[in-house]
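Visitor: Here's a sequence, model it:
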Amino acid sequence: MKKTFLKVLSLCIAICMVSACTPNNAKNDKDEQGRTVISVGNWPSKEGANLDKYTNYKERFEEANPTMAIIPDTWGFDLQTFYSKAAAGQLPTVYYSNFTEISKIVEGEYYTDLSKGLKRAGYENIYSKTILPLISKNGEIVTYPSSAYSLGLAYNVELFEKAGLMNADGTPMQPKTWDEVVEFGKKIKDATGKAGFAIPTMSNCGGWLFTPIAWSYGVEFMKSSGDGKYTATFDTKECIDAMQYISDLKWKHNIFLDNSLIDYDEYYKQFALGNVGMILASGSFTDDIFKYEMPKEKIGIMAIPSGPKSHVTLVGGYTSTVSDGATEDQVDVAIKWFENIGVSPNLTEDGKQSIENNYKQMVADGKVVGIEKLQVYSDETEKNKFTLEMINKYKNIDINHVKLYNESLKDTSIELKPEEPVCAQELYSVLDKVIQEVLTNQNADIKSLISKAKADFQANYLDNLN
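Guide: Just a heads-up that it's a prediction; the model follows:
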């Protein structure tokens, strides 16, 4: 009796273990009515307009697709719970994240390949050549992006004109390297007395904007061991050289703002007021300077400069992943769901009207229209064609002032790199302190500062990852 009991107990435990390791989305792919079911993460949990919107999405979707059903799931991506939910097969069928998380998703294989599903939906080859490398691995489409941005070099047209840095056709001269940024900055300072270049240094913003400069010098901030653990690796000559560049902006070249300790808001304020010639910014930076009423004719943006090792820019955005274990039917439902909420390369008449209304409202509000965004879809898709048509229809700035940035969005020679995969904000905070020190202390020991920053980042953050 005792042996029989133990055998039965062992069998029950084994069954439970197998069940626990089976992804929930694979087990529950059909409901009692035979409908293919997917759970959708990040569902609003509080009463209000956002919940009402998603409830309407669900009702509209299920009415139009009677063989499909949506199960709301309020879980949103966070590292505290992601790995445990993924290991237990408890991720929603569709879960949302930033581009930052794609490397973790790929590393753990917490995704279902979307390639065949996209082909079945008629969406083969829809992604832009710049975005595709970020969302694919070995021919598989890992995730379904919805929006993206990249950094460029914003500039003050008036200061460029006074410094003799505008071409006859109305486009700016482009500093191709960080060294040329210094040369341009000196010309601006000599001609106008204004700072040539600046980055913020507080509230994690200095570290954030330092990373693409550092990458272009060949800096690798961390390495993954493949088991969720990371090692800080930026105690290198390349990082010292990149930080020396920041120090030299002030102490050697004298083209930095007099006040070295500025946060994100002050950074954009100084640019909008015409006190600095060049800053790093995304294509949507005009939203940040809008309240300072910078004249549109002074606003310009172009491609980010190249570094000694690579031409790279920081990219960000949002994406949706179908979790591992999903069936083909669930992939098809997920793609239809994306269409239902407006994340699609195709457009309905309502969708077109919504896009046009958005640009009309921007013009009415006095906002800038003319700077393109980093598009996730290829130029041939209906959404991109219509969006560009609307930008050209409602543009209210000189396109020559932003032409080089718009062109750079399609330049496949510029590497697009997401934020660091873990503890990015903590890394920025650590780097902020180094930047503040080198810009307030002409004799700062950069090698020692970098070495200490790397050790602190490892001990206080990376070693504490769950």
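Visitor: give me the element I188 is part of.
Guide: For I188, the host element (DSSP states H and E) is helix 178-192.
Visitor: Flag the shaky bits of the chain, pLDDT-wise.
Guide: By pLDDT under 70, the low-scoring segments of the chain are 1-28, 466.
Visitor: quick one on the thing from earlier: could you pull out the buried residues of the helix holding I188?
Guide: 178, 181-182, 184-189, 191-192 (16 or more other C-beta atoms under 10 Å). (Each C-beta comes from the backbone N, C-alpha and C, glycine too.)
Visitor: likewise stretch 458-466?
Guide: Across stretch 458-466, burial judged by 16+ other C-beta under 10 Å covers 458, 461-462.
Visitor: Dump the helix holding I188 to CSV, restricted to CA.
Guide: Output of helix 178-192 as CSV, limited to C-alpha atoms (Å, rounded to 0.1, in the frame of the first residue of the first chain):
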residue,chain,number,x,y,z
TRP,A,178,32.1,64.3,-33.4
ASP,A,179,35.3,66.1,-34.2
GLU,A,180,33.5,68.2,-36.8
VAL,A,181,30.9,69.0,-34.2
VAL,A,182,33.7,70.7,-32.3
GLU,A,183,34.7,72.6,-35.4
PHE,A,184,31.2,73.7,-36.0
GLY,A,185,30.7,74.6,-32.3
LYS,A,186,33.8,76.9,-32.4
LYS,A,187,32.5,78.7,-35.5
ILE,A,188,29.2,79.3,-33.7
LYS,A,189,30.9,80.5,-30.5
ASP,A,190,33.2,82.8,-32.5
ALA,A,191,30.4,84.3,-34.6
THR,A,192,27.6,84.6,-32.0
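Visitor: that older thread, ok, the buried residues of helix 178-192 vs E140, which is closest?
Guide: The nearest member of the buried residues of helix 178-192 to E140, counting by C-beta to C-beta, is W178 at 35.8 Å.
Visitor: distance of the closest residue in space to that closest one that isn't next to it in sequence from F271?
Guide: The spatial neighbour of W178 that comes closest, neighbours along the chain excluded (C-beta to C-beta, 6 or more residues apart in numbering), is P305 at 5.3 Å. The gap separating P305 from F271 is 17 Å, by C-beta to C-beta, to the nearest Å.
Visitor: Those two: who's more crowded?
Guide: Using other C-beta atoms under 10 Å as the criterion, P305 and F271 rank with F271 on top: 27 against 23.
Visitor: Disregarding flanking residues, what is the spatial nearest neighbour of K269?
Guide: Nearest one to K269, counting by C-beta to C-beta, 6+ apart, is Y292 at 5.7 Å.
Visitor: residue contacts, the spatially most central residue of the chain?
Guide: Closest to where the C-alpha atoms of the chain average out (C-alpha atoms, centre = their mean) is G316, at 0.8 Å. G316 sits next to 98-100, 148-150, 282, 418-419 when contact means C-beta atoms under 8 Å, 6 or more residues apart in numbering.
Visitor: ditto for I450
Guide: Residues counted as contacts of I450 (C-beta under 8 Å, 6+ apart) are 234-236, 239-240, 243, 434.
Visitor: Assign it to helix, strand or coil.
Guide: When classified by DSSP: H, G, I helix; E, B strand; the rest coil, I450 comes out as helix.
Visitor: which SS class is S284?
Guide: On the basis of three-state DSSP, S284 is classed as coil.
Visitor: wait, it sits on E372?
Guide: No - applying C-beta atoms under 8 Å, one finds S284 not in contact with E372, separated by 10.6 Å.
Visitor: Going by how many neighbours each has, rank those two and give me the top one.
Guide: A direct count of neighbours by other C-beta under 10 Å for S284 and E372 places E372 higher, at 19 against 11.
Visitor: phi, psi of the more buried one?
Guide: phi -80, psi 160 (degrees, to the nearest 10).
Visitor: can you give me the strands in the stretch 301-450 of the chain?
Guide: 312-322, 415-417 (DSSP state E, counting those that start in this stretch).
Visitor: and the longest one, which strands flank it?
Guide: Based on DSSP bridges, the strands next to strand 312-322 in the sheet, each with its direction, are strand 94-98 (antiparallel), strand 144-156 (antiparallel), strand 415-417 (parallel).
Visitor: ok, which pair from the contacts of I450 is furthest apart?
Guide: So, these by C-beta to C-beta: farthest apart are T236 and V434, at 13.7 Å.
Visitor: ok, those two, which is more surrounded?
Guide: V434 (23 against 18).
Visitor: okay, the buried residues of helix 178-192 in JSON lines with distance to E124 next?
Guide: Formatted as JSON lines, the buried residues of helix 178-192 follow (distance: C-beta to C-beta, whole Å):
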{"residue": "W178", "distance to E124": "39"}
{"residue": "V181", "distance to E124": "41"}
{"residue": "V182", "distance to E124": "46"}
{"residue": "F184", "distance to E124": "43"}
{"residue": "G185", "distance to E124": "46"}
{"residue": "K186", "distance to E124": "50"}
{"residue": "K187", "distance to E124": "49"}
{"residue": "I188", "distance to E124": "48"}
{"residue": "K189", "distance to E124": "52"}
{"residue": "A191", "distance to E124": "52"}
{"residue": "T192", "distance to E124": "52"}
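Visitor: Nearest to V430 among the residues you listed?
Guide: Nearest to V430 among those is W178, at 22.0 Å by C-beta to C-beta.
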